[in-house]
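Colleague: Coordinates for the following, if possible.
(one chain, ligands or ions: 1)
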Amino acid sequence: MNLFLTYDYELFFGAPTGSVEKCIIEPTNHLRDIANRTGVKMVFFIDTGYLKQLEIFKDQFPKVQHEYDLVKEQIQNLVAEGHDCQLHIHPHWEDCTHDGNAWEMVTDRYKLVDFSDEEILKVVLEYRDILQRWTQKPIHSYRAGGWCLQPFDRVAAAFKKAGLKLDSTVFPGGKFTAGNYYYDFTNTPDKSTWKFSSDLCQEDSQGDFIEYPISNYKYSLWFFWRLFGFGRLQPHLHKPIGDGYPMSSPGLKKQMLTKGMNLSASVDGYFVTKLQRALQNNAKKGYNECVIIGHPKACTHFALKKLEKFIEKNKTKHSFLTFADLELNQ
Ligand SMILES: [Zn+2]
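Modeller: Just a heads-up that it's a prediction; the model follows:
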């Protein structure tokens with residue numbers, strides 16, 4: 001099977017957003033070390049609205065200049081080490097500012113589809129250009145911020161103009177429509193990749209785009225009791241390295257603790273303990289791909305250790321690839 005370790009490279013979007021050192025630089029350096037030791041390459045979906053605002057505010061505030069320098073150097077290192085840096089858009093950065101001390105997050109327009117058609121096109125093309133300038137590599141793959149990319153027909157034209165060919169946003173069975181979020185992946189093809197045109201979840205063999213869905217896993221309510229319990233009991237192992245707070249997800253924690261939840265297969269924190277199972281589930285279904293999601297900001301020391309073991313265990317049986325390894329022009 002082809003495995004894709006993908007990380008959304010970003011700050012938190014609540015208050016506070018957390019520091020760049022703890023949310024991005026330090027955990028990503030741990031990931032680079034793991035990649036260097038194991039020989040695998042990873043995909044980093046770079047929150048490019050953040051890069052845009054770093055460029056805008058760096059000349060105004062020394063604090064932002066410092067943040068910009070750290071991120072710039074790390075992205076250059078990621079590219080030089082053969083990792084694949086692709087496009088991640090949280091368009092609410094359009095509405096965010098810095099006051100010299102901290103980012104001021106405004107998340108009312110959280111999804112691309114909260115913007116007009118004209119604005120969507122402008123944001124997608126501009127962010128593609130920014131990331132291409134930072135990486136000097138072709139940008140062809142995409143993951144939506146907060147899994148929010150529906151209805152896709154509002155975005156398809158911008159994707160085509162920007163030369164985006166691959167999306168990795170969907171996780172089968174996922175649904176969350178509270179707060180600023182909207183995604184519904186309850187009806188997807190039973191495949192580990194499919195072509196699509198105007199609907200992310202509808203296969204179209206003639207479509208211009210290909211979906212590499214994130215693998216999913218049904219986490220039991222007991223799983224979440226353990227996850228939250230370990231966070232309290234052994235914070236040095238199980239508290240995220242990132243020091244910010246997420247945007248609110250109304251009702252999410254209650255649903256996790258009372259019913260369990262179908263979520264993406266993840267390397268974040270305690271989720272890493274179900275990775276091997278998620279991989280086995282894909283193998284049982286005859287899939288050739290397994291896409292795993294993570295966030296540097298949500299890395300724990302426990303998860304980093306387990307990730308390295310997971311890679312060592314699977315790297316001879318399976319191939320760890322990036323989207324840059326695929327022939328996307330066919
Ligand atoms: Zn994100």
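Colleague: make it CA atoms for all contacts and neighbour counts henceforth
Modeller: OK.
Colleague: Now do the same for the nearest residue to Ala15 once chain neighbours are set aside: its pLDDT.
Modeller: For Ala15, ignoring the flanking residues on the chain, the nearest one in space by Cα to Cα, 6 or more residues apart in numbering is Tyr245 at 5.9 Å. If you check Tyr245, the pLDDT there is 90.
Colleague: now His238
Modeller: For His238, pLDDT reads 89.
Colleague: roughly how far apart are it and His295?
Modeller: Distance, His238 to His295, by Cα to Cα, to the nearest Å: 14 Å.
Colleague: Now do the end-to-end distance for stretch 190-197.
Modeller: 17 Å.
Colleague: In that stretch, which residues are buried?
Modeller: Burial within stretch 190-197, assessed by neighbour count using 16 or more other Cα atoms under 10 Å, is assigned to Lys191, Ser192, Thr193, Trp194, Lys195, Phe196, Ser197.
Colleague: ok, residues contacting it?
Modeller: With contact meaning Cα atoms under 8 Å, 6 or more residues apart in numbering, stretch 190-197 is reached by 156, 202-213, 215, 287-290.
Colleague: cool, and stretch 283-292?
Modeller: 1-6, 191-193, 212-215, 264-267, 279, 282.
Colleague: Which among those count as buried?
Modeller: Here, 16+ other Cα under 10 Å leaves 1, 3-6, 191-193, 212-215, 264-267, 279, 282 buried among these.
Colleague: Quick check: of the buried residues of stretch 190-197, which lies closest to Phe223?
Modeller: Top of the list for closeness to Phe223, among the buried residues of stretch 190-197 and by Cα to Cα, is Ser192 at 25.1 Å.
Colleague: related to what we said a few turns ago, write a ChimeraX command that selects only the buried members of the contacts of stretch 190-197.
Modeller: In ChimeraX, the members of the contacts of stretch 190-197 classed as buried (16+ other Cα under 10 Å) are selected with the following command:
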select :156,202,203,204,208,209,210,211,212,213,215,287,289,290
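Colleague: Centre of the chain to the longest strand belonging to the chain, how far?
Modeller: For the chain, the strand with the greatest residue count under DSSP state E is strand 2-9. Relative to its parent chain, strand 2-9 has a centroid offset of 8 Å by Cα atoms, centre = their mean, to the nearest Å.
Colleague: Could you do stretch 240-252 as well?
Modeller: 15 Å.
Colleague: Okay, buried residues for it please.
Modeller: Pro240, Ile241, Gly242, Asp243, Gly244, Met247.
Colleague: and what of stretch 97-104?
Modeller: Thr97, His98, Trp103, Glu104.
Colleague: So which of the residues you listed are in strands?
Modeller: Using DSSP E, the buried residues of stretch 97-104 in strands are Thr97, His98, Trp103, Glu104.
Colleague: Please name the residues that touch the first one.
Modeller: The reference is to Thr97. Counted by Cα under 8 Å, 6+ apart, Thr97 has contacts Gln53, Trp103, Glu104, Met105.
Colleague: Roughly how far does it sit from Ile75?
Modeller: 22 Å.
Colleague: same question, the third one
Modeller: According to Cα to Cα, Trp103 and Ile75 sit 20 Å apart.
Colleague: Could you do the second one as well?
Modeller: Applying Cα to Cα, one obtains 22 Å for the distance of His98 from Ile75.
Colleague: same thing with the last one?
Modeller: Summarising the geometry, the distance separating Glu104 from Ile75, computed by Cα to Cα, is 24 Å.
Colleague: Run a quick neighbour tally on Lys62.
Modeller: Heads up, residue 62 is Pro, not Lys. Neighbour count for Pro62, taken as other Cα atoms under 10 Å: 13.
Colleague: for Trp225, that is, sorry about that
Modeller: Trp225: 14 neighbours (other Cα under 10 Å).
Colleague: So which bits of the one helix or strand Ile75 maps to are buried?
Modeller: Using DSSP states H and E, Ile75 sits in helix 62-80. Buried residues in helix 62-80, counted by 16+ other Cα under 10 Å: Lys63, Val64, Gln65, Glu67, Tyr68, Val71, Gln74, Ile75, Leu78, Val79.
Colleague: Now for those: which two are most distant?
Modeller: Top of the distance list for the buried residues of helix 62-80 (Cα to Cα): Lys63 and Val79, 24.7 Å.
Colleague: what ranges do the strands span in the stretch 101-250 of the chain?
Modeller: 103-104, 141-144, 166-167, 175-176, 183-184, 194-196, 209-211, 216-219 (DSSP state E, counting those that start in this stretch).
Colleague: With respect to Thr48, which of those strands lies nearest?
Modeller: strand 141-144 (11.1 Å).
Colleague: contact partners of that closest one?
Modeller: With Cα under 8 Å, 6+ apart as the criterion, strand 141-144 contacts 45, 86-90, 164-169, 323.
Colleague: cutoff 7 Å now
Modeller: Phe45, Gln86, Leu87, His88, Ile89, Leu164, Lys165, Leu166, Asp167, Ser168, Thr169 (Cα atoms under 7 Å, 6 or more residues apart in numbering).
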